[in-house]
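Student: no sequence on hand, only this structure:
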């Protein structure tokens, strides 16, 4: 059944699925944090729909161990302050079993210490900042870290012969961390224009005038939201700067062509595949909620994040520590985004990257990327079918980042699970 969401000021609205509860009675509460208002609302609405869709399916099948599942949604507004307030409420007032969120990396980083202190699992379906890798032992994500993505971008730039990069960065947790990782993988000498702007900036004309005097091969709009990215692209083209443009997952939005118009045409996007595209999952989502505002892949990641927690609870993990241990011990979850599990830091393993391009108002896959292969394999311009290269972190690389206590606990959980099989 389709649900309608009403947001009243700073208050969150509890969203219950419409199917009857199971025979066991009682309710399991899942929290959600994401940007439901503001420039990043398209991501929030898509991910919330993914959570709600999963919960509808769960409740239609009898809930979790006979208990109805309820979603309590909070508007994180893509800011740390709002997300922290949301997490405090979900953990300390609503007593949720787990939190799906945040979506913006700043939301996740702000909510993580609160979830960690409350021993509540927080799993993000969309946050990619490398800083989340060391956010805590109760923090997971089924969306890959930008520490991998910037390596894939460096490979793509090398193949294209892009040696001089112009970069404008919005000063947010996500974009700033991405800038650091990209600069490391490209090398500082490759960045010939490097400017940072305040969050929400929409006027780039002065910077674009300066950029006209710089020799560069490619422009990278490192924005937090598609609204800010659209402004960058439009003003780049207003200055008759015709260099190619490459961006990250923020550019993987069907809202962008509506805002930026022709300025986005031809822009490359390095991101996860369009999981769920052209499938029955997408058809059901559209029938229930309408077309995704950004991309069906975001809906799929949120759906899978909800389902992997639900599976842990169905298996008997009914408190935060037990859910955390179950996710840490997971060897494989078959989801809409494919087969995946989590490494010792809670980062997803099994999700790779592809190159996409904006063409005529659509986003199509033009190439697969792999960190392991000697070169990427061009596949031609085809609409994505959800396939993509699988990339895992280098052995031992993640082990150095997590606090020892967290690693030991997760490792113990995995050893116990292995010995019980």
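Tutor: Perfect, I can see it now. From a predicted model like this one, the values you see are computed outputs, not experimental measurements.
Student: burial count for residue 203?
Tutor: 10 (other CB atoms under 10 Å). No exception for glycine: its C-beta is placed from N, CA and C like everyone else's.
Student: tell me which residues touch the nearest residue to it once chain neighbours are set aside, please.
Tutor: Distances taken as CB to CB, 6 or more residues apart in numbering put residue 231 closest to residue 203, at 7.4 Å, once the chain neighbours are dropped. Neighbour list for residue 231: 201-204 [criterion: CB atoms under 8 Å, 6 or more residues apart in numbering].
Student: give the buried residues for the helix or strand residue 231 falls within.
Tutor: Here residue 231 sits within helix 226-238, counting by DSSP states H and E. Of the residues in helix 226-238, those buried by neighbour count under the rule 16 or more other CB atoms under 10 Å are 226-237.
Student: same check, this time on stretch 142-158
Tutor: Taking 16+ other CB under 10 Å as the neighbour-count basis, stretch 142-158 is seen to contain the buried residues 142-157.
Student: what does stretch 74-92 give?
Tutor: Of the residues in stretch 74-92, those with enough neighbours to count as buried (16+ other CB under 10 Å) are 74-80, 82-87, 89-91.
Student: so of those residues, which ones are in helices?
Tutor: Among these, the members falling in helices are 80, 82-87, 89-91 (criterion: DSSP state H).
Student: nearest to residue 273, of those residues?
Tutor: Looking at those and their distance to residue 273, the nearest is residue 83, at 27.6 Å (CB to CB).
Student: pull up the gap between residue 253 and residue 144, please.
Tutor: Computed as CB to CB, to the nearest Å, the residue 253 to residue 144 distance reads 18 Å.
Student: and what of residue 26?
Tutor: Counting by CB to CB, the separation of residue 26 from residue 144 is 36 Å.
Student: cool, residue 237 as well?
Tutor: 30 Å.
Student: next one: residue 89
Tutor: Here the criterion is CB to CB. By it, residue 89 lies 29 Å from residue 144.
Student: tell me how far residue 263 lies from residue 235.
Tutor: Applying CB to CB, the value for residue 263 to residue 235 is 8 Å.
Student: ramachandran coordinates for the closest residue in space to residue 308 that isn't next to it in sequence?
Tutor: In space, residue 308 comes closest to residue 333 once its chain neighbours are excluded; the distance is 4.9 Å by CB to CB, 6+ apart. Recorded main-chain torsions at residue 333 are phi -120, psi 130, according to degrees, to the nearest 10.
Student: what is the burial count for residue 333?
Tutor: 20.
Student: could you do the one 5 residues further on as well?
Tutor: Each residue near residue 338 was counted by other CB under 10 Å, and the total is 19.
Student: quick one: it and residue 351 touch, right?
Tutor: Yes. With contact taken as CB atoms under 8 Å, residue 338 and residue 351 are classed as touching, separated by 7.0 Å.
Student: coming back round to it: from the contacts of residue 231, list just the buried residues.
Tutor: In terms of neighbour count (16+ other CB under 10 Å), the buried residues within those are 201, 204.
Student: so which of the contacts of residue 231 comes closest to residue 327?
Tutor: The shortest gap between residue 327 and any of the contacts of residue 231 belongs to residue 201, at 37.7 Å (CB to CB).
Student: the nearest residue to residue 331 once chain neighbours are set aside and residue 146: what is the separation?
Tutor: Counting by CB to CB, 6+ apart, residue 331 lies nearest to residue 341, which is 5.8 Å off, once chain neighbours are set aside. Here residue 341 is placed at a distance of 20 Å from residue 146 (CB to CB).
Student: list phi and psi for the residue most central in space within the chain.
Tutor: Centre of the chain computed as the mean C-alpha position; nearest residue by CA atoms, centre = their mean is residue 126, 1.4 Å away. Its backbone dihedrals place residue 126 at phi -150, psi -10, with angles given as degrees, to the nearest 10.
Student: enumerate every residue touching it.
Tutor: When contacts are counted by CB under 8 Å, 6+ apart, residue 126 is found next to 34, 43, 47, 102-104, 143, 298, 301-302.
Student: with pLDDT added, can I get these in CSV?
Tutor: Below are the contacts of residue 126 laid out as CSV (pLDDT from 0 to 100):
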residue, pLDDT
34, 97
43, 89
47, 97
102, 95
103, 94
104, 94
143, 95
298, 94
301, 97
302, 98
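Student: ok, residue 324 touching residue 138?
Tutor: Yes. Contact between residue 324 and residue 138 holds when scored by CB under 8 Å: they sit 5.1 Å apart.
Student: give me the common contacts of the two.
Tutor: Both residue 324 and residue 138 are contacted by 119, 121, under the criterion CB under 8 Å, 6+ apart.
Student: now the residue lying closest to residue 184 once chain neighbours are set aside, what's its secondary structure?
Tutor: In space, residue 184 comes closest to residue 150 once its chain neighbours are excluded; the distance is 7.3 Å by CB to CB, 6+ apart. Secondary structure, DSSP: H, G, I helix; E, B strand; the rest coil: residue 150 is helix.
Student: and the gap between residue 150 and residue 291?
Tutor: 30 Å.
Student: if I read this right, residue 149 contacts residue 128, doesn't it?
Tutor: Yes. Contact between residue 149 and residue 128 holds when scored by CB under 8 Å: they sit 6.7 Å apart.
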